[in-house]
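Undergrad: Quick one, fold the following:
(2 chains)
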Number of protein chains: 2
Amino acid sequence: MPGQKKDRPQDLAARLVRGDRRAASRLITLVENGGPGADEMMKRVYPHTGRSMLVGITGPGGSGKSTLIDHLIGRFRKRDLRVGVVAVDPSSPFTGGALLGDRVRFQRYAMDEGVFVRSMGSRGYTGGLARATTDVCRILEAMGNDVVIIETLGAGQDEIDIIHVAQTCILVLTPGMGDDIQAMKAGIMEIAHLIVLNKADLEGAGACLRSLEAVLEDAGGRRTEGAWNPRVIPTVAWARRPGDVSGMEALEEAILAHQAHLRETPGLRCANERRVERELRLIFRDALEKHVISGLEGTGRKEEFLREIIERRNDPYSVVEEILGETLKKPEI
Amino acid sequence: MPGQKKDRPQDLAARLVRGDRRAASRLITLVENGGPGADEMMKRVYPHTGRSMLVGITGPGGSGKSTLIDHLIGRFRKRDLRVGVVAVDPSSPFTGGALLGDRVRFQRYAMDEGVFVRSMGSRGYTGGLARATTDVCRILEAMGNDVVIIETLGAGQDEIDIIHVAQTCILVLTPGMGDDIQAMKAGIMEIAHLIVLNKADLEGAGACLRSLEAVLEDAGGRRTEGAWNPRVIPTVAWARRPGDVSGMEALEEAILAHQAHLRETPGLRCANERRVERELRLIFRDALEKHVISGLEGTGRKEEFLREIIERRNDPYSVVEEILGETLKKPEI
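TA: Reported below is the predicted structural model:
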């Protein structure tokens, strides 16, 4: 049956590398479900990754991330670059799936073969959201996208973890966050290579821009020579009259400038090392949980441990030590 | 030096059990930092836990969770119950600490020895936020609090994980979420024992209440006999005139009713089992990462693995298999 044959790992991966959209969708679903074959698939995908620009966009809900991305896709397409988007959408924390969904988002590129969008909900992934997002990102790289954009809502550890997959991280803020900016100082500097002050036509934008620039300037004094200087880009991503949209060219140029900077310095190498280290940790965690904790299932031992702990004849910390002692070759606990 | 002596694990734990606030603060800090002694401390704390009512409160930012908790603290105090609060505060995802902080929150109980509040930021915890929150919750139980309230912002996997530490989970919503309610259906039913429709004096509250009740009724038909029936409680937690505050008594009573239900049925046992299983998983993950991944540090092997992966001579999935094979006694991969 040719239908079945198409889904063999080697075929799917080969089709993905040729840019096949169905193969990409199928692989992403496999990875999201975390089935036993998922890692084997990813082994085949991995060698074809590493050539895309990875751009992360994060910020609070309502800051205009999707609209900005919509413009960016348009600009990259004009340069004939293929664009993949992973939109992590926890806007509805109580649903398993992505509420906004691929269908609504970026609809004007629905017929464009050079744009591939995938939304992910914030939970329901066996190995965790960060693990799934990383794998999906790798799939979009292998698919041949020149740019892969990762969009997350800036809230919670998970989302912060996710943004670290990107080489160029963009933090989107809006005016009226005035007092928060000083408080966010450390975090901004840690996360953002570029700060977009969107809705820059709103009242208070000027003051907000000056605050942000002061924060950056202050941090700049402590930066090593040759390091990237984060910059603020005021934008208006949505306007009643399309002509009033502004800052998009500056944003595109800043992204390309940061990417060029990474390539000219050891920056790209460092970013890649951090990313791989993080991936190893996520994959490792997932594999261990699958093989060690689930190894207890069905033996009745898990229930025995739970009973002991609940009756306070034992405690979770000692039980973990015991399991580790049995599990690890060198239990250096 | 008596100052040093006081911080010995056995002394700190003993002081905590007597309700000593300084000992509680010190233990929480130890656990947050995840130092080597933290697990030993928690082993001593654990036997003294399990007697508190654990109430989780989650919902979107701005839904009025803190104000509701403020009222609940007041009501529980009138019953002479001691109250501990863990407020997980990711309102500023870009700061390490809790922005709102203990100082601002629930200030009117600052002089009340029967109330202990601790805020936690959303990141910076070695073993993850969920792990740290669970431990802090255990510490507040051992301290002798009759009620422990866990407040989280409903966004992201991490926060959803956290709420599962509670026995009674309350989801706080506000009117004007109209269309979202159908979409959130599955999630609501999974999380909430009680749904608070706060700001019930706003326009649209009636329609929202009816939607929520319809969702609950619909789910009710599929429920096993004797199972808890989630209910909706309309409240006004903040009003210009204090006399216009409403629903607080109903909320308190509903919490106590759910707790009574848990005690009369196998519900409490099930909730405790789920909680312990989750704790085991979190502690296990943390311990493994500490002992296995960090075992690679300093040996040069980590760097070698990273180099191989970045140069595409190897992939993260195969490297994890290799490490697991070396680490686990029975690598049933």
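
Undergrad: Low-confidence stretches in the stretch 51-200 of chain A?
TA: A:61, A:89-105, A:122-127, A:154-161, A:177-190 (pLDDT under 70).

Undergrad: Would you state the helices of it in chain order?
TA: Here the stretch 51-200 of chain A has its helices, by DSSP state H, counting those that start in this stretch, at A:65-78, A:101-104, A:129-142, A:156-163, A:178-191.

Undergrad: what's the answer for the stretch 201-333 of chain A, then?
TA: Counting by DSSP H, counting those that start in this stretch, one finds helices in the stretch 201-333 of chain A at the ranges A:205-220, A:248-264, A:267-288, A:294-296, A:301-310, A:316-327.

Undergrad: between the second one and helix A:267-288, how big is the angle?
TA: Same thing as helix A:248-264. Angle, helix A:248-264 to helix A:267-288, by axes from the mean of the first three to the mean of the last three Cα atoms, to 10 degrees: 90 degrees.

Undergrad: got the contact list for helix A:248-264?
TA: Residues from elsewhere that reach helix A:248-264 (Cβ atoms under 8 Å, 6 or more residues apart in numbering or on different chains): A:53, A:55, A:68, A:71-72, A:75-76, A:167-168, A:170, A:193-194, A:196, A:228, A:231, A:233, A:235, A:237, A:267-268, A:271. Placement of C-beta: from N, CA and C, glycine included.

Undergrad: next one: the longest one
TA: With Cβ under 8 Å, 6+ apart as the test, helix A:267-288 has contacts from A:34, A:39, A:50, A:126-128, A:130-131, A:134, A:161, A:164-165, A:167, A:228, A:261-262, B:285, B:288-289, B:292-293, B:302, B:305-306, B:309-310, B:316-317, B:319-321, B:323-324, B:333.

Undergrad: Show me just the buried residues among those.
TA: Neighbour-count burial (16 or more other Cβ atoms under 10 Å in any protein chain shown) applied to these gives A:34, A:39, A:50, A:127-128, A:130-131, A:134, A:161, A:164-165, A:167, A:261-262, B:285, B:288-289, B:292-293, B:302, B:305-306, B:309-310, B:316-317, B:319-321, B:323-324.

Undergrad: buried sites along stretch A:76-85?
TA: Buried positions in stretch A:76-85, judged by neighbour count with 16+ other Cβ under 10 Å: A:F76, A:R77, A:R82, A:V83, A:G84, A:V85.

Undergrad: Low-confidence ranges, the stretch 201-333 of chain A, go.
TA: Ranges of the stretch 201-333 of chain A meeting pLDDT under 70: A:221-223, A:292-294, A:330-333.

Undergrad: Could you tell me which residues of it lie near chain B?
TA: Proximity of the stretch 201-333 of chain A to chain B is confined to A:269, A:272-273, A:276-277, A:279-281, A:283-285, A:287-289, A:291-293, A:295, A:302, A:305-306, A:309-310, A:312, A:315-321, A:323-324, A:326-329, A:331-333 under the rule Cβ under 8 Å from any Cβ of the partner chain.

Undergrad: now do 7 Å
TA: Residues of the stretch 201-333 of chain A found near chain B (Cβ under 7 Å from any Cβ of the partner chain) are A:272-273, A:276-277, A:279-281, A:283-285, A:287-289, A:291, A:293, A:306, A:309-310, A:312, A:315-320, A:323-324, A:327-329, A:332-333.

Undergrad: ok, the residue of the stretch 201-333 of chain A found nearest chain B - contacts?
TA: When scored by Cβ to the nearest Cβ, the stretch 201-333 of chain A has A:D315 as its residue closest to chain B, at 3.8 Å. Contact analysis of A:D315 by Cβ atoms under 7 Å, 6 or more residues apart in numbering or on different chains lists A:I309, B:K43, B:Y46.

Undergrad: can we see that at 6 Å?
TA: B:K43, B:Y46 (Cβ atoms under 6 Å, 6 or more residues apart in numbering or on different chains).

Undergrad: how close does A:S246 get to B:L12?
TA: 58 Å (Cβ to Cβ, to the nearest Å).

Undergrad: Give me the more crowded residue out of the two.
TA: A count of neighbours by other Cβ atoms under 10 Å in any protein chain shown puts B:L12 above the other of A:S246 and B:L12, at 22 against 15.

Undergrad: Contacts only, for the residue nearest to the more buried one when sequence neighbours are not counted.
TA: In space, and not counting its chain neighbours, B:L12 is closest to B:A23: 5.1 Å by Cβ to Cβ, 6 or more residues apart in numbering or on different chains. Shown in contact with B:A23 (Cβ under 6 Å, 6+ apart): B:L12, B:R15, B:L16.
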